[in-house]
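S.K.: Any chance you could fold what I've pasted below:
(one chain, ligands or ions: 1)
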Amino acid sequence: MALAGFVCSTRHRDSRRSHKAPMSPARHYASTHPIPDRAMTQNDTLFGKILRREIPATIVYEDDEVLGFKDIAPQAPVHVLFIPKHVLIPTMDDLLPEQAALVGKLVLAAAEYARREGFAQEGYRVVINCREHAGQTVFHLHLHLLAGAPLGHFGVPGR
Ligand code: AMP
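M.R.: Here you go, the predicted structure:
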């Protein structure tokens, strides 16, 4: 199972909100074709290093497109992060329509892990933090899976 490199996929507010022509052929190609590992430098992240096994992590799930590893500062008895292996998308706001299937794969990976680990029936929560107000700290799209105890309500603390 080779670890191909990332394509860094960002989109800019101005181009997204205007009604200009759709993505250029070059950007479309870049958003759908992985590039070699060595090409990923400028847009690397902590999670990219975990993906390439350059820093340690407790990896608990892997398939062709998704890697899952335990969060280093768990917020619940089970706290696993799921990331795309081949595309570096900084935030949920940078997702492109053609990347919808990738989001589905993150969700399905979390669901499969929950079934495999035996807590799907008790239930769990998935979270994607996007930027400042959600407290996003690692700008490499990831899905949190939280489980293992009643999780209570969520949102603004105290409400
Ligand atoms: P977010 O705040 O949504 O960007 O989530 C980033 C998550 O990454 C946090 O829950 C951190 O605890 C977690 N994290 C940071 N560094 C590591 C690491 N080296 N290994 C595993 N999880 C990490």
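S.K.: what about residue 74, which SS state?
M.R.: At residue 74 the chain is in coil, as set by DSSP: H, G, I helix; E, B strand; the rest coil.
S.K.: what about residue 104, which helix or strand?
M.R.: helix 100-117 (DSSP states H and E).
S.K.: list the buried ones in that helix?
M.R.: 102-103, 105-107, 109-110, 113-114, 117 (16 or more other CB atoms under 10 Å). In short, each C-beta sits where N, CA and C put it, glycine included.
S.K.: Does it reach the ligand?
M.R.: No: on the criterion CB under 6 Å from any ligand atom, helix 100-117 is out of touch with the ligand, staying 13.0 Å away.
S.K.: Just checking: what are the partner strands of the very next helix or strand once past that helix?
M.R.: Using DSSP H and E, the helix or strand that follows helix 100-117 in sequence is strand 124-127. Partners of strand 124-127 in the sheet, by DSSP bridges, are strand 143-147 (antiparallel).
S.K.: can you give me the angle the partner strand makes with helix 100-117?
M.R.: 20 degrees (axes from the mean of the first three to the mean of the last three CA atoms, to 10 degrees).
S.K.: quick one: contacts of strand 143-147?
M.R.: 68, 71, 75-83, 106-107, 110, 113-114, 119, 122-129 (CB atoms under 8 Å, 6 or more residues apart in numbering).
S.K.: Please compute how far that strand lies from its chain's middle.
M.R.: Computed by CA atoms, centre = their mean, to the nearest Å, the separation of strand 143-147 from the middle of its chain amounts to 11 Å.
S.K.: roughly how far apart are the nearest residue to residue 123 once chain neighbours are set aside and the ligand?
M.R.: Spatial nearest neighbour of residue 123, chain neighbours left out: residue 147 (7.2 Å); criterion: CB to CB, 6 or more residues apart in numbering. Distance check for residue 147 against the ligand: by CB to the nearest ligand atom, to the nearest Å, it reads 14 Å.
S.K.: who's in contact with the residue sitting nearest the centre point of the chain?
M.R.: For the chain, the residue nearest the mean C-alpha position is residue 142 (2.4 Å; CA atoms, centre = their mean). Residue 142 sits next to 47, 81-83, 106, 128 when contact means CB under 8 Å, 6+ apart.
S.K.: Distance of it relative to residue 76?
M.R.: Note on residue 142: its distance to residue 76, by CB to CB, to the nearest Å, is 15 Å.
S.K.: Residue 86 now?
M.R.: 28 Å.
S.K.: Tell me how many other residues crowd residue 75.
M.R.: 12 (other CB atoms under 10 Å).
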